[in-house]
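>>> After the sequence you'll find the predicted model.
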Amino acid sequence: EAQVTQNPRYLITVTGKKLTVTCSQNMNHEYMSWYRQDPGLGLRQIYYSMNVEVTDKGDVPEGYKVSRKEKRNFPLILESPSPNQTSLYFCASKRAGTEAFFGQGTRLTVV
Amino acid sequence: GESVGLHLPTLSVQEGDNSIINCAYSNSASDYFIWYKQESGKGPQFIIDIRSNMDKRQGQRVTVLLNKTVKHLSLQIAATQPGDSAVYFCAENRASGAGSYQLTFGKGTKLSVIP
């Protein structure tokens, strides 16, 4: 089954404690991206990657890092999480000129 | 900057009625448009798409209309059911070339179906 898998689905952490949210896709898509979703603000892009070892900033990259060492994986790293990074996060993958497939989301709470 | 937006943040319809959700876009270079449905606690799911060489595309109970003259996109849901209750997003993209990977999303319309 074609899918994008995120882990964990839910995470509560404390300010400053480094964390990683994993994302994996099994569709051999070149393009992967991370979004955060906040009430009233819709989906905002954090980072994206157009292929292995190629990453670029989206609209709200501050406080986040990503890596793309393999085509199927695109982890999101928060080196020092802060409460304003409490949000619902989605990973997505796609091919050029086609729809994006989304993961089920990771609800992150930073206290 | 250029953006994709929605005319109404919320829409309530009676079960069995038709629903129409609207979207305006401003990027003239966009030639591929997508509608997504997001149910509570889930990721956005693809509903239907349309390319700029078409004015209308139909799926199962859904129809997307594209008016390139006024840069307007709409999603019509026939015989709306309680399971249609969700937030609906439109998104724009380029079908090929530069920008063909990037999606720009509208903020969403919340559809509530009244039984």
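Perfect, I can see it now. What you are looking at is a predicted structure, and each value in this text was computed from that prediction instead of being measured. Residues are numbered from 1 along each chain as shown, chains lettered A, B, ... in the order given.

>>> quick one: what helix or strand has the closest residue to A:Ser87 other than its chain neighbours in it?
In space, and not counting its chain neighbours, A:Ser87 is closest to A:Arg36: 4.4 Å by C-beta to C-beta, 6 or more residues apart in numbering or on different chains. In this view, the C-beta of every residue, glycine as well, is placed from N, C-alpha and C. Taking DSSP states H and E as the criterion, A:Arg36 maps to strand A:31-38.

>>> Which residues of chain B lie near chain A?
Taking C-beta under 8 Å from any C-beta of the partner chain as the contact definition, chain B meets chain A at B:32, B:34, B:36, B:41-46, B:49, B:89, B:91, B:93-96, B:100-103, B:105-108.

>>> so where's chain B uncertain?
B:1-8, B:95-100 (pLDDT under 70).

>>> redo that, cut-off 50
B:1-3, B:6-7 (pLDDT under 50).

>>> Can you show me the CA trace of the host helix or strand of A:Gln45 as PDB?
Following DSSP H and E, one finds A:Gln45 within strand A:42-51. What follows is strand A:42-51 as a C-alpha-only set of coordinates in PDB (Å, rounded to 0.1, in the frame of the first residue of the first chain):
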ATOM      1  CA  GLY A  42      -3.500  26.500   7.500                       C
ATOM      2  CA  LEU A  43      -0.600  24.400   6.300                       C
ATOM      3  CA  ARG A  44       2.800  26.200   6.400                       C
ATOM      4  CA  GLN A  45       5.800  24.600   4.800                       C
ATOM      5  CA  ILE A  46       8.900  24.200   7.000                       C
ATOM      6  CA  TYR A  47      11.400  22.500   4.700                       C
ATOM      7  CA  TYR A  48      11.400  20.600   1.500                       C
ATOM      8  CA  SER A  49      13.700  18.300  -0.400                       C
ATOM      9  CA  MET A  50      13.700  17.800  -4.200                       C
ATOM     10  CA  ASN A  51      15.900  14.700  -4.000                       C
END
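
>>> and that strand, does that touch chain B?
Yes: applying C-beta under 8 Å from any C-beta, one finds strand A:42-51 touching chain B at A:Gly42, A:Leu43, A:Tyr48, A:Met50.

>>> Could you tell me which of the residues of chain B next to chain A count as buried?
Buried by 16 or more other C-beta atoms under 10 Å in any protein chain shown: B:32, B:34, B:36, B:43-44, B:49, B:89, B:91, B:93-95, B:100-103, B:105-108, out of those.

>>> Show me those residues that map onto strands.
B:Tyr32, B:Ile34, B:Tyr36, B:Asp49, B:Phe89, B:Ala91, B:Asn93, B:Phe105 (DSSP state E).

>>> Check the spacing between the last one and B:Val87 real quick.
B:Phe105 sits at a distance of 11 Å from B:Val87 (criterion: C-beta to C-beta, to the nearest Å).

>>> The fourth one too?
Using C-beta to C-beta, B:Asp49 is found at 18 Å from B:Val87.

>>> Ok, B:Ser40 next?
On the measure of C-beta to C-beta, B:Ser40 and B:Val87 end up 8 Å apart.
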